[in-house]
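# show me the folded form of this:
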Amino acid sequence: MRDNDKQHFAKLMIATMAVYDKPVNPDVIGIWWNALSEHEFPDVRDAFSAHIKRGEFAPRPASIISILNEMRPDGRPSADEAWAMIPRDEDASVVMTEEMAEALHIARPLLDTGDQIAARMAFKAAYERLTEANRNSGVKPKWFPSLGHDKQGRDAAINEAVRLGRLGSEHAKSLAVNQDTLMALEDKSGVSMEQAKANIAKIKAMLTSKVAQNVDTEVA
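Numbers count the residues shown, from 1 in each chain. This is a model prediction of the structure:
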């Protein structure tokens, strides 16, 4: 990080610690700065975000550094961050990698039974195996959108993906326009909201299954 990042870093520290009802003073911020200053601010910000998503206790420098070490130049999320990113319902929107989709496909039967712990373990094991194999083969992550029915959620997911460099701005614009057009056509067609959601769910399942088939073919 650079000197002009100090103010942003201080705000990040204050906001993060507020989540855990922890006060922050300038001396503490200085200690954190010295521990993390060798990293780029966007990476530090993403590491704090990943820590919060994991539902852990208030972060310590060592825990953030550990997350930063997990983050690779190829932009792949860690297994824990990937698990936190997957959509939990049909309204949710997310931009994910094909590796995340394949790992989710493997964990889906456990999710359907409600066994969140076993599903998380299966997802992480599959995701780590897939990402490690692809890294060793020089395969770059391929990001794609899985857009839900909630417009605000779609826009937020697309904008965040653009900010992180996972989607190009032109691609993002076309996604927003196409999804709005789809929803307008559904309204005019007389299809109920629940049926529309069911149709979208079927399409998502087909796409995820297709990714799984492609990966299985490549492995074979």
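
# pretty sure residue 119 sits against residue 104.
No. Counting by Cβ atoms under 8 Å, residue 119 stays clear of residue 104, with 9.1 Å between them. Quick note: C-beta positions are derived from backbone N, CA and C, even for glycine.

# which one's more surrounded, these two?
Each of residue 119 and residue 104 has its neighbours counted (other Cβ atoms under 10 Å); residue 104 has more, 24 against 21.

# and the more buried one, how far is that from residue 27?
According to Cβ to Cβ, to the nearest Å, residue 104 and residue 27 sit 44 Å apart.

# what does residue 173 give?
Residue 173 is 46 Å from residue 27, by Cβ to Cβ.

# what about those two, which has more around it?
Per other Cβ under 10 Å, whichever of residue 173 and residue 27 has more neighbours is residue 173, with 13 against 8.

# next, the more buried one: secondary structure please.
Here residue 173 takes the helix state, with states given by DSSP: H, G, I helix; E, B strand; the rest coil.

# oh, and call the first residue 39 from now on, that's how I've got it
Fine by me, first position is 39 from now on; the one you just mentioned is residue 211.

# centroid-nearest residue for the protein?
residue 123 (3.6 Å; Cα atoms, centre = their mean).

# apart from its neighbours in sequence, what residue is nearest it?
residue 132 (5.6 Å; Cβ to Cβ, 6 or more residues apart in numbering).

# give me phi/psi at the one you found?
Per-residue torsions, residue 132: phi -150, psi 150 (degrees, to the nearest 10).

# give the contact list for the residue nearest to the centre of the chain.
91, 115, 132, 134, 138 (Cβ atoms under 8 Å, 6 or more residues apart in numbering).

# do residue 76 as well
Counting by Cβ under 8 Å, 6+ apart, residue 76 has contacts residue 39.

# do residue 108 as well
Applying Cβ under 8 Å, 6+ apart, the residues near residue 108 are residue 116.

# swap in residue 74?
So residue 74 contacts 39, 47, 82, 99, 102, 103, 106 (Cβ under 8 Å, 6+ apart).
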